[in-house]
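**Q** how would this look folded up:
(one chain, ligands or ions: 2)
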Amino acid sequence: MLSRCLRAGAALLLAGCLSARQADQVAGAEKERNAQQQKKDPNQKEKASADLADLMGGPRLDQAAVERGRKIFIPTCGFCHGNDAHGKSGPDLVRSALVLHDNKGDTIGPVIRNGRSDRGMPAFSSLSTEQIADISTFLHSRAADVSNRFTYKIGDLITGDPRKGAKFFNGAGHCDSCHSPSGDLAHIATKYEPVELQRRMLYPAPNLIDLYLGKQVKPPAPSKVTVHQASGEEVSGTLDHIDEFTVALHDASGWYRSFSRENAKVDIHDPRAAHEALLPKYTDDAMHNVLAYLETLK
Ligand code: HEC
Ligand code: HEC
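**A** Ligands and ions are numbered 1, 2, ... in the order given. Presented below is the predicted three-dimensional model:
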């Protein structure tokens, strides 16, 4: 059905392919899931986002716009990007740098309107500026949800047991395979307030709200890349640049190399992927214990 819809070529074609009832069902299922999550304490999540925004001195998201954006996004974009925007056949938009830097549709608008038809992203030329701004707000709310997942515990953030946290760090959490308390994480607790330390530990990316405010942020760790060339040669290194046509990297000895993407297969490895995989695995206890342990690294 999807390919038939795509061939139809009309803008907003996918919305047309889902009946209004199906779209409502999808939206309904999502709502139900959210309701389950919030059952413990209703309004908690929204309140937490607002608290966090206040703490960081950032703007609050307009909840009505989030809802409007969700209603457009799920039936129109959810097929490919996932109803939660975390990606399916299309890329994860919650972690997209393009989305992160977007303000009311200024960077994502052109991609949505023009599409990237050669790469599987259709054009949605009939979406209005307001609708795109609402989608943008919805996507920002998804990013905020991810980084706020535990922050409603702001009040009793450091209630964990640091010794158990250390055990988790060097054991089940495998944190020690990438970090060292006397190396890269030395004095980490003096660098960040607990809420920011927790955020970075859960989701080590530039703070969305800081980016919004145009504050100076620590640049994210660079991605590793491997280029498999048609000749069979493989080259790995640190990613410098990638676009539709070329990929550039510097290898272990510091040499800068660039390749045409034609006939080459490119594997990008985000060094923070381990954190992404950890997020759903943390129990509240483990999370509190590790944070308590990190807080001892003064
Ligand atoms: C038929 C599948 C499909 C649908 C439907 C779709 N997309 Fe995409 N989208 C893609 C693919 C595939 C890419 C990656 C294109 C590329 O590699 O450059 C993409 C890329 C994007 C990007 C760029 C991300 C980045 O980091 O560069 C944005 C933003 C985006 N889509 C938003 C949307 C929105 C909003 C909608 C709904 C209005 C939508 N897409 C509907 C498949 C889809
Ligand atoms: C596979 C490697 C890997 C594993 C495993 C890993 N991390 Fe990380 N971690 C990273 C990378 C990469 C960053 C991003 C560093 C950056 O952007 O500067 C990071 C960032 C962090 C930060 C923020 C540091 C800063 O200065 O902003 C903390 C805190 C952290 N990780 C804690 C943990 C804990 C706790 C665990 C185990 C539960 C863990 N990490 C497991 C790779 C890893």
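
**Q** Could you use CA atoms for every contact and neighbour count after this?
**A** Will do.

**Q** Tell me the spacing between residue 288 and residue 161.
**A** Per Cα to Cα, to the nearest Å, residue 288 is found 7 Å from residue 161.

**Q** Same drill for the two, tell me which one is more crowded.
**A** The neighbour comparison of residue 288 against residue 161 (other Cα atoms under 10 Å) goes to residue 288, with 24 against 16.

**Q** Skipping adjacent residues, who's closest to that one in space?
**A** Computed as Cα to Cα, 6 or more residues apart in numbering, the closest residue to residue 288 that is not its neighbour in sequence is residue 160, at 4.5 Å.

**Q** can I assume the one you found is in contact with residue 294?
**A** No. In this structure, residue 160 is not within contact of residue 294 by Cα atoms under 8 Å, at 10.6 Å.

**Q** Of these two, which one has the most company?
**A** residue 294 (25 against 19).

**Q** Now do the phi/psi pair for that one.
**A** Main-chain torsions, residue 294, degrees, to the nearest 10: phi -60, psi -30.

**Q** what sits against it?
**A** Contacts of residue 294 were listed using Cα atoms under 8 Å, 6 or more residues apart in numbering, and they are 162, 188, 189.

**Q** can you tell me how far it sits from residue 189?
**A** Going from residue 294 to residue 189 by Cα to Cα gives 6 Å.

**Q** where exactly do the strands run in the chain?
**A** Here the chain has its strands, by DSSP state E, at 224-228, 234-242, 246-250, 256-260, 265-269.

**Q** I'd like the distance between residue 268 and residue 227.
**A** Taking Cα to Cα, one finds residue 268 at 9 Å from residue 227.

**Q** quick one, which of the two is more surrounded?
**A** Neighbour tally, residue 268 and residue 227, criterion other Cα under 10 Å: the higher count belongs to residue 227, 23 against 16.

**Q** In contact with the more buried one, which residues?
**A** So residue 227 contacts 234, 235, 236, 264, 265, 266, 267 (Cα under 8 Å, 6+ apart).

**Q** cool, residue 253 as well?
**A** Counting by Cα under 8 Å, 6+ apart, there are no residues that residue 253 touches.

**Q** change it to 10 Å
**A** Residue 253 makes contacts with residue 237, as judged by Cα atoms under 10 Å, 6 or more residues apart in numbering.

**Q** Now whichever residue of the stretch 151-298 of the chain sits closest to ligand 1: closest residue in space, sequence neighbours ignored.
**A** Here the stretch 151-298 of the chain gets closest to ligand 1 at one residue, residue 244, 7.4 Å apart by Cα to the nearest ligand atom. Leaving aside its sequence neighbours, residue 244 sits nearest to residue 261 (Cα to Cα, 6+ apart; 7.3 Å).

**Q** Looking at the contacts of residue 294, which is nearest residue 196?
**A** Of all the contacts of residue 294, residue 189 has the smallest distance to residue 196: 9.8 Å, by Cα to Cα.

**Q** thinking again about what came up before, compare the strands of the chain and give me the one nearest residue 196.
**A** Nearest to residue 196 among the strands of the chain is strand 265-269 (25.0 Å), distances taken as Cα to Cα.

**Q** Give the pairing partners of the closest one; include direction for each.
**A** In the sheet, strand 265-269 lines up against strand 224-228 (antiparallel) (DSSP bridges).

**Q** which of the residues in the partner strand are buried?
**A** For strand 224-228, burial by neighbour count (16 or more other Cα atoms under 10 Å) applies to 224, 225, 226, 227, 228.

**Q** Who does the third one form a beta bridge with?
**A** By that I understand residue 226. residue 236, residue 267.

**Q** list the contacts for it?
**A** Here residue 226 is in contact with 234-239, 247, 249, 251, 265-269 (criterion: Cα under 10 Å, 6+ apart).
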